[in-house]
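In: any chance you could fold what I've pasted below:
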Amino acid sequence: MSNPRIAIIGAGLGGLACARVLQLRGLPVTVFDRELSPDARVQGGALDLHPDTGQAALRAAGLLEQFRTLARPEGQERRVLDPATAAVLRHDQPADGEDYAPEIDRGQLRALFLGSLADGAICWGRAASGATPLVDGAARLHLVDGTAEDFNLVIGADGAWSRIRPALSGAVPGYLGTTIVETQFDDVDARHPAIANLVGHGTLRASSAGKALCAMRNSGGRVRVYAILDIPLDWHAAAGVDLQDSKAVREYLLGEFDGWHDSLLDLLRDSDAGFVNRPLHVLPLGHTWDHTPGLTLLGDAAHLMPSLGIGANLAMLDGVDLADALTTHSEVDSAVRAYETVMLPRSSAAAHACADLSGILTTDTPTDMNAVRRHLNEQLLHPQTPH
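Out: Below is the predicted model:
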């Protein structure tokens, strides 16, 4: 096809994967992001990338070898502890050379994509307010600054609260019933050796009765801690806790985990950072939309699911698949139809599988998370008819 005008809304991993492959294959693309710069905010914790999804996307983007220089195969280690005694209930360690799901910081992975794009590909500080399909099969992108631009294709890669999704679907994310409250340790090996020993090289988890503590190694000696609670969305208001008051949040969490082993409570007592409240939301199971020329979605904008370690993998796969379709079909609309024909059944099957497993976030049973992720990836690659 002659060079169409393509806009990607959101410089997250899925949108950047799409942009990278489009550029590699000679199609220009413009990425719009509301952040003022690539470093405007912290990009979150560590991700594990799987061979047939996230790693396959990196291979298509020509970035797999660079990823391997940054990835941490030792991060595949996982420990499950008894919450009352801190006894080890399960300890999974990667075999020599195993790289099924090596860890990498989200910020490092995003920087890898950003560094691979042509100068000027990303318009920082340009927030989208919505999009409108046009009669000629194109779409109009509306920006918060009051301007608008027309494109042959506008791709909503702008996450859970997508501004593009309402042009295709009336679906709104609903609260899952689980909230994660996040904090962090810095320079853990030097400053917090007991925490370093407790967590190990990868991920530590303890859970009981609708709550869990999870700690995860990041690069640079950081450990991120996640208190996971099955609680109402407005828990802080009901408890009279100001989310900006770190002392009050810490005291609340220590009360919620009262009776747990001291070594686990130290994950909350001694952290170096404040606390970030992250309620988990999901889109309706099997979320879909009527095909609309000029518009489509990928990643969380299309299929927001519980946090079970496949979201980033799936978003990157979406981005690569969409770019591949756009560079192998003669028309934009036929390309998008082909992409949606693959992506929507895949995401529906994955969403049903995640829904079936969402209770493991706070389950009492020691879980083989690598087996869970393999199961979810099998659903991605070979979708079954959801029940």
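
In: hey, let's count contacts and neighbours off CA atoms from now on
Out: Fine.

In: pretty sure Ser334 sits in a helix.
Out: Yes. Ser334: assigned to a helix according to DSSP: H, G, I helix; E, B strand; the rest coil.

In: what residues are up against it?
Out: Applying CA atoms under 8 Å, 6 or more residues apart in numbering to Ser334 gives no contacts.

In: pLDDT wise, what is it at?
Out: pLDDT, Ser334: 98.

In: repeat for the one 3 residues further on
Out: Reading off the confidence values, Arg337 has pLDDT 98.

In: name the element it belongs to?
Out: Per DSSP states H and E: Arg337 is located in helix 332-357.

In: quick check: Arg271 vs Gly200, distance?
Out: I think there's a mix-up here, since residue 271 is Ser and not Arg. In this view, Ser271 and Gly200 are 17 Å apart by CA to CA, to the nearest Å.

In: break this protein into its domains for me.
Out: The chain breaks down by automatic domain parsing into domains covering 6-43+105-172+283-381, 174-282.

In: so which of Ser271 and Gly200 has more stuff around it?
Out: Ser271 (20 against 17; other CA atoms under 10 Å).

In: skipping adjacent residues, who's closest to the more buried one in space?
Out: With CA to CA, 6 or more residues apart in numbering as the criterion, Ser271 has its nearest non-adjacent residue at 5.1 Å, and that residue is Phe185.

In: do Ala148 as well
Out: Leaving aside its sequence neighbours, Ala148 sits nearest to His142 (CA to CA, 6+ apart; 4.5 Å).

In: quick one: contacts for the one you found?
Out: 128-132, 148-149.

In: that one and Thr132: what is the separation?
Out: From His142 over to Thr132 the distance is 8 Å, taken as CA to CA.

In: and if you look at Asp356?
Out: The value you get for Asp356 to Thr132, if CA to CA is used, is 35 Å.

In: helices or strands up against whichever strand or helix holds Ile104?
Out: Taking DSSP H and E as the criterion, Ile104 maps to strand 103-105. For strand 103-105, the packing partners by 3 or more CA pairs under 8 Å, 6 or more residues apart in numbering; DSSP states H and E come out as strand 46-48.

In: need the helix or strand of the chain with the lowest average pLDDT.
Out: Sorted by mean pLDDT, DSSP states H and E, the helices and strands of the chain end with helix 369-381, the least confident at a mean of 58.

In: what does stretch 260-267 rub up against?
Out: Contacts for stretch 260-267 (CA under 8 Å, 6+ apart): 83-86, 195, 198, 213, 215, 225, 254, 257.

In: of those residues, closest to Ile104?
Out: Nearest to Ile104, judged by CA to CA, of these is Ala215 at 14.9 Å.

In: quick check, pLDDT for the closest one.
Out: On pLDDT, Ala215 comes in at 97.

In: looks to me like it is in a strand.
Out: Yes. Counting by three-state DSSP, Ala215 is part of a strand.
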